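> Any chance you can model this:
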Amino acid sequence: MSELTLFSVGYLIRKLREINPAINRAHSKPFPKEEARPANCAGIFDWLSRYHFRKEFVRVNDDGSVRGGLSQLAASIIDFPFVRSIAADTYSILGGCCYDPISLFLLDLFRYLDRIHKVKDFCRILRDPERGKNYRRLAGLGEDSIPCEATFSNFHARLGECRYQQIFHTLVSLVEQLGLVTFDILATDGTLFPSAARYHGCCCFRDSCASIAVGNIAQKVHDRVLYRIEDPARIVPGRESRVTTDCPNPHFPEDIKRPHCKPGSTGAGVLASMGARELGSEGPGTVH
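Model (predicted):
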């Protein structure tokens, strides 16, 4: 059994002290927009938000859950500047103000981790002074620069599927380095003998069972029809009347109970029609 300490929060934090800087060094493309404009434009900022990594103490509740949820855990132990580097070539030094791409990505990630399905509902939470306070703080948002649904739509279109995949592959690489996933292929076969589902779990199924001769099938159908029409209450609309017989395979092991084969089934309407003919002019014993 693997050491459970490998999955403790303390162990993850210690490992990430090495992994976070290495990943961000591998993604060092500069972001084209300066956070603030030149000195002659003092007080004017090109960024509507600014992400800063916060090394916060992670509190684990008695039931094993993290106080603040998975969004708090992710933002407290993972440093995300690589997102800004991956998104850099979709922005220009020209144009108006923009949100820090890390802020918008983190908000998307928080919405997924906390299982808030609709962007509209999440934006409503972001605008709430109390419910959205922690989300805004972790993503680097101010109360006067909260994104709307259109902001997220534009961000998704700007990054596109390719860059989103690149960001998620980076996160998967991080998780792999933590040892939480190994990508080893595990294969489990639940059956230790040849079987076929259509034979209802018969563990003695063989190739010869693909075609089994069942004798006296016409007589069995005839008897089933007579049994049903003796009492009309036995004919239930929508329910099939099945003809069964023990498996006739001559090579079936003697120490195992033979399963029931179902060579055919008949609907209520067919039973009624056959019963009418059975009691009609053709006389008893004739089955079509």
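> Quick one: mean pLDDT over the host helix or strand of residue 154.
Using DSSP states H and E, the element containing residue 154 is helix 149-178. Averaging pLDDT along helix 149-178 yields 92.
> Stretch 68-84 now?
Stretch 68-84 comes out with an average pLDDT of 90.
> From the opening residue of it to its closing one, how far?
Length of stretch 68-84, first residue to last, Cα to Cα, to the nearest Å: 25 Å.
> on that earlier part again, packing partners of whichever helix or strand comes after the helix holding residue 154?
Later in the chain than helix 149-178, the nearest helix or strand by DSSP H and E is helix 217-230. Packing contacts for helix 217-230, counted by 3 or more Cβ pairs under 8 Å, 6 or more residues apart in numbering; DSSP states H and E, involve strand 241-246, strand 260-266, helix 268-278. The C-beta positions use only the backbone N, C-alpha and C, and glycine is treated the same way.
> Quick check: buried residues in helix 217-230?
Using 16 or more other Cβ atoms under 10 Å as the test for burial, helix 217-230 gives 220-222, 224-226, 228-229.
> Run a quick neighbour tally on the residue nearest to residue 182 when sequence neighbours are not counted.
Spatial nearest neighbour of residue 182, excluding adjacent residues (Cβ to Cβ, 6 or more residues apart in numbering): residue 176 at 7.5 Å. Other residues within reach of residue 176, judged by other Cβ atoms under 10 Å, total 13.
> Wait, residue 176 touches residue 170, no?
No: using Cβ atoms under 8 Å, residue 176 makes no contact with residue 170, being 10.6 Å away.
> hey, least reliable of the helices and strands packed on helix 217-230 by pLDDT?
If the helices and strands packed on helix 217-230 are sorted by mean pLDDT, helix 268-278 sits at the bottom with a mean of 52.
> can you give me the offset of the helix holding residue 154 from its chain's centre?
18 Å (Cα atoms, centre = their mean, to the nearest Å).
> Who are the packing partners of that helix?
Secondary-structure packing of helix 149-178 (3+ Cβ pairs under 8 Å, 6+ apart): helix 9-26, helix 81-87, helix 101-113, helix 119-127.
> got a markdown table for those, with mean neighbour count and distance to residue 46 too?
Listed next are those as a markdown table, based on neighbours: other Cβ atoms under 10 Å; distance: least, Cβ to Cβ, whole Å:
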| stretch | mean neighbour count | distance to residue 46 |
| --- | --- | --- |
| helix 9-26 | 14 | 22 |
| helix 81-87 | 21 | 14 |
| helix 101-113 | 22 | 13 |
| helix 119-127 | 16 | 22 |
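> Nearest to residue 60, out of the ones you listed?
Of all the helices and strands packed on helix 149-178, helix 9-26 sits nearest to residue 60, with 6.3 Å by Cβ to Cβ.
> how far off helix 149-178 does the helix or strand following the closest one point, in degrees?
Using DSSP H and E, the helix or strand that follows helix 9-26 in sequence is helix 69-77. Counting by axes from the mean of the first three to the mean of the last three Cα atoms, to 10 degrees, helix 69-77 lies at 70 degrees to helix 149-178.
> For helix 69-77, give me every contacting residue.
Applying Cβ atoms under 8 Å, 6 or more residues apart in numbering, the external contacts of helix 69-77 come out as 9, 12-13, 16, 54-58, 66, 106, 109-110, 113-114, 134-135, 138-139.
> Repeat the analysis, applying 7 Å as the threshold.
Identification of contacts with helix 69-77 by Cβ atoms under 7 Å, 6 or more residues apart in numbering yields 12-13, 16, 54, 56, 58, 66, 106, 109-110, 113-114, 134, 138.
> Please write out the alpha-carbon positions of it in CSV.
What follows is helix 69-77 as a C-alpha-only set of coordinates in CSV (Å, rounded to 0.1, in the frame of the first residue of the first chain):
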residue,chain,number,x,y,z
GLY,A,69,-13.5,24.4,-0.5
LEU,A,70,-11.4,23.1,-3.4
SER,A,71,-11.1,26.6,-4.9
GLN,A,72,-9.3,27.8,-1.7
LEU,A,73,-7.0,24.8,-1.7
ALA,A,74,-6.0,25.3,-5.4
ALA,A,75,-5.4,29.0,-5.0
SER,A,76,-3.4,28.5,-1.8
ILE,A,77,-0.9,25.9,-3.1
